[in-house]
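Undergrad: No letters, just coordinates:
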């Protein structure tokens, strides 16, 4: 039981760190001026960073759960 709590806390810290990193990296002021809609990327870098952070966190959680069960 204690092992699971420690691993869950570790996963939570990793997910929080990924969120903070992506916010600090991609949450910057945008360029002022007129920008046409066709110039905008289909997916923002912030959204991509959050997706990557979540995928990494889920991979770590899956690995840790596999490690606990074996």
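TA: Yep, it's here. Note that the coordinates shown come from a computational prediction; the quantities given were computed from them, not determined experimentally. Numbering: from 1, shown residues only.
Undergrad: The protein: helices as residue ranges?
TA: Under the criterion DSSP state H, helices of the chain are mapped to 2-26, 45-69.
Undergrad: same question for the last one, mean pLDDT?
TA: Averaging pLDDT along helix 45-69 yields 85.
Undergrad: In JSON lines: the helices of the chain, plus mean neighbour count.
TA: Glycine gets a C-beta too; all of them are placed from N, C-alpha and C. Shown next, in JSON lines, are those (neighbours: other CB atoms under 10 Å):
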{"stretch": "helix 2-26", "mean neighbour count": "13"}
{"stretch": "helix 45-69", "mean neighbour count": "13"}
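Undergrad: what residue lies at the spatial centre of this structure?
TA: Geometric centre of the chain, nearest residue: residue 53, 2.3 Å, by CA atoms, centre = their mean.
Undergrad: Skipping adjacent residues, who's closest to that residue in space?
TA: Closest residue in space to residue 53, ignoring its immediate chain neighbours: residue 18 at 3.0 Å, by CB to CB, 6 or more residues apart in numbering.
Undergrad: so how far is residue 63 from the one you found?
TA: As defined by CB to CB, to the nearest Å, residue 18 lies at a distance of 16 Å from residue 63.
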